[in-house]
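Asks: using only what follows, build the 3D model:
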Amino acid sequence: MRYGLLVLSLIVPGLLCVNAWQGYRYNQLSNDVASLESQQQDLLEANRDALAEIAYEKSPGRIEEKALKSFTLVPVDQGHVTRVLIESPSGRQGQ
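Replies: The predicted structure is shown next:
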C-alpha cells in the first residue's frame, strides 16, 4: 500500500508536467502554422502582383512605348511596305 501511494504521488506531478509540456508544444506549433500561413498569403499576393506586372510589360501598348522611348524606333510608313503573297501548290494562299 505504501509503495502504491508513493508511486502515485510521484506519477501525478509528472503527468501534470508532461501535460503542461504538451500544451506548450501545441501552442508553439500553432504559432508556427499561423506564421507560415501568413507567409504563404504574402507570397501568393507577391506572385499575383508579379503576374500582373508581366502581363502589363507584354502588352502591345507597353512594348510600343518602350520601343519608341528606349530604342528611338519609329513606326514604318505603310506606303513603304511591300506585301508578297505566295500561293501553295494546292492553289490556296500561304500563311
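
Asks: contact partners for Val74?
Replies: Each residue near Val74 by Cβ atoms under 8 Å, 6 or more residues apart in numbering is listed here: Leu68. Backbone N, C-alpha and C define where each C-beta goes, glycine included.

Asks: next one, pLDDT for it please.
Replies: Predicted confidence (pLDDT) for Val74: 79.

Asks: which element is it on?
Replies: Here Val74, judged by DSSP states H and E, is contained in no helix and no strand.

Asks: pLDDT weak spots in this structure?
Replies: The chain contains residues with pLDDT under 70 at 91-95.

Asks: next helix or strand past whichever helix in it runs longest?
Replies: Using DSSP state H to define each element, the chain has its longest helix at helix 2-58. As assigned by DSSP H and E, the chain's next helix or strand after helix 2-58 is helix 60-70.

Asks: any idea of the angle that next one forms with helix 2-58?
Replies: 70 degrees (axes from the mean of the first three to the mean of the last three Cα atoms, to 10 degrees).

Asks: contacts for helix 60-70, please.
Replies: Applying Cβ under 8 Å, 6+ apart, the set of residues contacting helix 60-70 is 56, 73-74.

Asks: how far does the longest helix of the chain sit from its chain's centre?
Replies: 22 Å (Cα atoms, centre = their mean, to the nearest Å).

Asks: what is the neighbour count of Ala67?
Replies: Counted with other Cβ atoms under 10 Å, residues neighbouring Ala67 total 13.
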